[in-house]
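In: Need coordinates for the below:
(2 chains)
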Protein chains: 2
Amino acid sequence: MPERLVVIGGDAAGMAAASQARRRRDPDDLSIVAFERGHHMSYSACGIPYFVSGLVKTQDELVTRTPEVFRRDYAIDARTRQEVTEVDLGLRQVRVRDLDGGREYAEPFDSLVVGTGSVPMRPPVPGIDADGVYGVQTLDDGVALRAELDSGRVDRVVVVGGGYIGLEIAEAVAVSGRRVTVVDLAKTPVGTFDPDIGEFIADAVRGLGIELVLGEAVTAVESTGGRAIAVHTAAGRELPADLVVLGLGVRPNVTLAKAAGVPLGSSGGIAVDQRMRTSVPGVWAAGDCVESTHRLSGQRVVVALGTHANKQGRVAGINLGGGYATFPGVIGTAVTKICDLEVARTGLSEREAREAGFEFVTASVDSTTRAGYFPGARPIRVKMTAERRSGRVLGAQIVGREGAAKRIDVLAACIWNAMTAEEVLSLDLSYAPPFAPVWDPVLIAARKAWEAVEIDIRDGRG
Amino acid sequence: MPERLVVIGGDAAGMAAASQARRRRDPDDLSIVAFERGHHMSYSACGIPYFVSGLVKTQDELVTRTPEVFRRDYAIDARTRQEVTEVDLGLRQVRVRDLDGGREYAEPFDSLVVGTGSVPMRPPVPGIDADGVYGVQTLDDGVALRAELDSGRVDRVVVVGGGYIGLEIAEAVAVSGRRVTVVDLAKTPVGTFDPDIGEFIADAVRGLGIELVLGEAVTAVESTGGRAIAVHTAAGRELPADLVVLGLGVRPNVTLAKAAGVPLGSSGGIAVDQRMRTSVPGVWAAGDCVESTHRLSGQRVVVALGTHANKQGRVAGINLGGGYATFPGVIGTAVTKICDLEVARTGLSEREAREAGFEFVTASVDSTTRAGYFPGARPIRVKMTAERRSGRVLGAQIVGREGAAKRIDVLAACIWNAMTAEEVLSLDLSYAPPFAPVWDPVLIAARKAWEAVEIDIRDGRG
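Out: Alright, predicted model coming up:
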């Protein structure tokens, strides 16, 4: 009788865990059942905006592996449209509802992987649960959104929240000719960027013909016949809407885990150790529903990103399979594209650094993605924060055009290794005129940040 | 009476040193004279192929600062067409010849910066000094080459040596419709890449209609009336040439330093310490003429690259100015583009690793520059070598299309920090479908390399 592994959630984290466990253990040693509430498993959630815009033609292109492939090639009993409604840690079983047939049943487990992902944040305002208000969390959401747009009855769209997904969806809808308004409480969109970088983002969004309503809270969603028709703001604005999209970001989906008694962490995500174990024996968790350690602030944070979900799932699966692996935490790296504006960040923003108790200097440099004289050189701004006295790089943000944003990765590697700005400026980075100026913008930023550290010390404020 | 600084060589290294020294010391404290043999100072030597091809329209675009700017804004007495013919360390003076006026004179110094750069390697074969045989080292070389091409009498070009510059010039000439042949002794071009990566380069070069003659030594350059007309190879091949270009790479130009008694290092470059001091008091050196420490092999190497020259010049200038800075060495990062093929490397090649005494495993992965489903996703191959047992990354090479090569920088940062492949695979790199697959190709390569390390240990060969 094989040991029984149950995976709750068929997204990247859960299925990475299942696949890695299977690589190490045969079906007669470990049986694996994976339950997914939606119609799809193992797809790119980050690709949904591009499916909504039509840039990606079919939903199938976003799917990495189908349930059939998991069953056939991995001997994983992958079941879609099966909602886990309860985890019973005493009986070591989950309760499952077949969303199509309506049948309910129990499935026993020896080990459990909780990969329940995240749910969109909803402002607690009247009408937010009306028809026509969409999250963009699952591929099913994306399919429904695209069907709405294809129906021909949607002309005006209001996006509540100017986070990554909010803006990506706003662009996706705007390029199809609809009138789009984005409302956000903050003064600049994508609050994980510093306001000065946020201004560039705001300009790019407006450049797409999207209306930005900033610094205003949403107070209500007005409906007719149960369907949303307008969004109201605290400033008394009424924004007509044939469709409302939630773009405020997400929170970890911990309903099941919490009800079962799996301990959560201070951030509200499921608490796990380095090997992705919860504190309940045999119960693992991975993906958007868990919290991670931020390597700079030392704080526990929830960062919902496919890249972490994949890595965490892999780590859980290796350990489940009898191997050894750890997930060493995050540093807040992210990238997005608005029209042809590329923006990226890593480490701590100014606000995050202050909240973590750091004092720092900042430097911003404007340069080009290639040698200035080389055809196709595009503008790039690199902003860097470095800790006072030590000069350790705490964060970096990049905004620019084609070829700008991916440079954030080298700074992510620097921050990961706790390098000082002075150490960074000496790095042996690649140089040739089609690829960079002789001083790569990343190195110039480090040079300027280091100069700022020196000035701060010399001025006796250190 | 100010202290007197003389700089030999007006390229990036020398002028960076001069500028940095000036930033810290006023003209009444330090006078600075810089001598340059050619017509230009402070230009992008790496941009010359793009000037030859016409992609960069005028030579002025390659010039960062003119002698007039140095005189006016930096109070640096910048003199072009002045050749330093001798350094007298006893008298503390240099002998200078005015190449236009013919006058010879002496210039005294208290401190000296040797920034004499490099000279193209010439195969020691008959006829190599004939007219019509060009190096591509200085902007004057580039101007002369372009004049030859514009003259209308050049149809067939032979490039001796398939290094970076050789191929860049070959492409520059080929796109203008000339027939180009590249001859190299090695089996694949650009010998600093592993042969499997070199094959991609060879294909790209041939795709441009360039003939590649590999594995054949050049035995002679045939001339008529003192001008080259053909290149002969050891295999008996005769390659007609209206123009011959040296593309074998460069060697440090140490003639003056050697004659003066400034000690050279084991690699043949001028020996300097961390602060760019030679062992002669008051004599500094920077740029292509000095040797550096390779941080992985520990060996002293000469790497002629504008990015190092700039950094070394800056370090020398800061120290000369009374500050403190060090140049911490190189790890062999380089990048180039052949047509739309991008290739890059960092760390040690397989051959270099073996020569340094390392044993290692390798992994290669084929992936895409963006999410596979995202429009514009292009192929990328990442090859990684990791030390046996420790798993420390020793080297990486990338070949691919647009968006591939600059990813080498993140691996350069990893190697700089002596990370293992396992540490690399956990890095928090940026992810969004327009920029990367959910596992960036760099991370997949690290994952595969780490698996190879584990297999090697498990198989008991560790």
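
In: Strands along the stretch 301-450 of chain A, start to end?
Out: A:334-338, A:341-347, A:360-368, A:379-387, A:393-400 (DSSP state E, counting those that start in this stretch).

In: cool, the stretch 151-300 of chain A as well?
Out: Secondary structure of the stretch 151-300 of chain A (DSSP E, counting those that start in this stretch): strands at A:156-160, A:179-184, A:211-214, A:218-224, A:227-233, A:238-240, A:243-246, A:250-252, A:283-285, A:292-293, A:300-301.

In: Please identify the most buried of those.
Out: Highest mean neighbour count among the strands of the stretch 151-300 of chain A (mean count of other CB atoms under 10 Å in any protein chain shown): strand A:283-285, with a mean of 28. For every residue, glycine as well, the C-beta is placed using N, CA and C.

In: out of everything not next to it in sequence, what's closest to A:G321?
Out: A:R24 (2.9 Å; CB to CB, 6 or more residues apart in numbering or on different chains).

In: An error on my part: the question was meant for A:T333.
Out: Nearest to A:T333 is A:T346, by CB to CB, 6+ apart, at 4.1 Å.

In: try A:Y164
Out: Once flanking residues are discounted, A:Y164 sits nearest to A:T336: 5.1 Å by CB to CB, 6+ apart.

In: Can you give me the pLDDT of the one you found?
Out: Looking at A:T336, its pLDDT stands at 96.

In: again with A:R461
Out: Reported pLDDT at A:R461 in the predicted model: 61.

In: how about the strands of the stretch 301-450 of chain A in CSV, adding mean neighbour count?
Out: Putting the strands of the stretch 301-450 of chain A into CSV (neighbours: other CB atoms under 10 Å in any protein chain shown) gives the following:
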stretch, mean neighbour count
strand A:334-338, 23
strand A:341-347, 27
strand A:360-368, 19
strand A:379-387, 24
strand A:393-400, 27
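
In: can you give me the helices in chain A?
Out: In chain A, the segments counted as helices under DSSP state H are A:12-24, A:48-52, A:67-74, A:139-150, A:164-174, A:195-207, A:255-260, A:306-320, A:350-355, A:408-416, A:421-425, A:441-458.

In: wait, which of these is closest to B:E350?
Out: The closest of the helices of chain A to B:E350 is helix A:408-416. By CB to CB, the value is 23.2 Å.

In: any idea of the mean pLDDT for that closest one?
Out: 98.

In: can you redo the strands of the stretch 151-300 of chain A as CSV with distance to B:T58 and mean pLDDT?
Out: Output for those, formatted as CSV (distance: least, CB to CB, whole Å; pLDDT from 0 to 100):
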stretch, distance to B:T58, mean pLDDT
strand A:156-160, 48, 98
strand A:179-184, 45, 98
strand A:211-214, 42, 98
strand A:218-224, 56, 97
strand A:227-233, 55, 98
strand A:238-240, 53, 98
strand A:243-246, 51, 97
strand A:250-252, 53, 96
strand A:283-285, 61, 98
strand A:292-293, 53, 97
strand A:300-301, 52, 96
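
In: okay, those strands in TSV with distance to chain B next?
Out: Converted to TSV, the strands of the stretch 151-300 of chain A look like this (distance: least, CB to the nearest CB, whole Å):
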stretch	distance to chain B
strand A:156-160	18
strand A:179-184	18
strand A:211-214	21
strand A:218-224	26
strand A:227-233	27
strand A:238-240	28
strand A:243-246	18
strand A:250-252	15
strand A:283-285	18
strand A:292-293	9
strand A:300-301	12
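
In: do you know which of those lies nearest B:V382?
Out: The nearest among the strands of the stretch 151-300 of chain A, by CB to CB, is strand A:292-293 at 25.8 Å.

In: what packs against the closest one?
Out: Judged by 3 or more CB pairs under 8 Å, 6 or more residues apart in numbering or on different chains; DSSP states H and E, the packing partners of strand A:292-293 are strand A:300-301.

In: before we move on, back to that, thought the residue nearest to A:Y164 was touching A:L305?
Out: No - with contacts counted by CB atoms under 8 Å, A:T336 stays clear of A:L305, the gap being 11.4 Å.

In: before we move on, back to that, tabulate the strands of the stretch 301-450 of chain A (a markdown table), appending distance to A:K258.
Out: A markdown table is the format used below for these (distance: least, CB to CB, whole Å):
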| stretch | distance to A:K258 |
| --- | --- |
| strand A:334-338 | 27 |
| strand A:341-347 | 31 |
| strand A:360-368 | 37 |
| strand A:379-387 | 36 |
| strand A:393-400 | 32 |
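
In: Near chain B, which residues of the stretch 1-150 of chain A are found?
Out: By CB under 8 Å from any CB of the partner chain, the residues of the stretch 1-150 of chain A that approach chain B are A:12, A:44, A:46-47, A:50, A:55-56, A:61-62.

In: let's see 10 Å
Out: Within reach of chain B by CB under 10 Å from any CB of the partner chain, the stretch 1-150 of chain A has these residues: A:12, A:16, A:44-51, A:55-58, A:60-64.

In: Now, of those residues, which are buried?
Out: A:12, A:16, A:44-51, A:55-56, A:61-64 (16 or more other CB atoms under 10 Å in any protein chain shown).

In: Now for the residues you listed: which two are most distant?
Out: Farthest pair in those (CB to CB) is A:A16 and A:L55. Separation: 25.7 Å.

In: so who does the residue nearest to A:T333 touch?
Out: Neighbouring residues of A:T346 by CB atoms under 10 Å, 6 or more residues apart in numbering or on different chains: A:296, A:330-335, A:393-398, A:408-416, B:428-430.

In: can you do 6 Å?
Out: Shown in contact with A:T346 (CB atoms under 6 Å, 6 or more residues apart in numbering or on different chains): A:331, A:333, A:396, A:408, A:411-412, A:415.

In: Much appreciated, bye for now.
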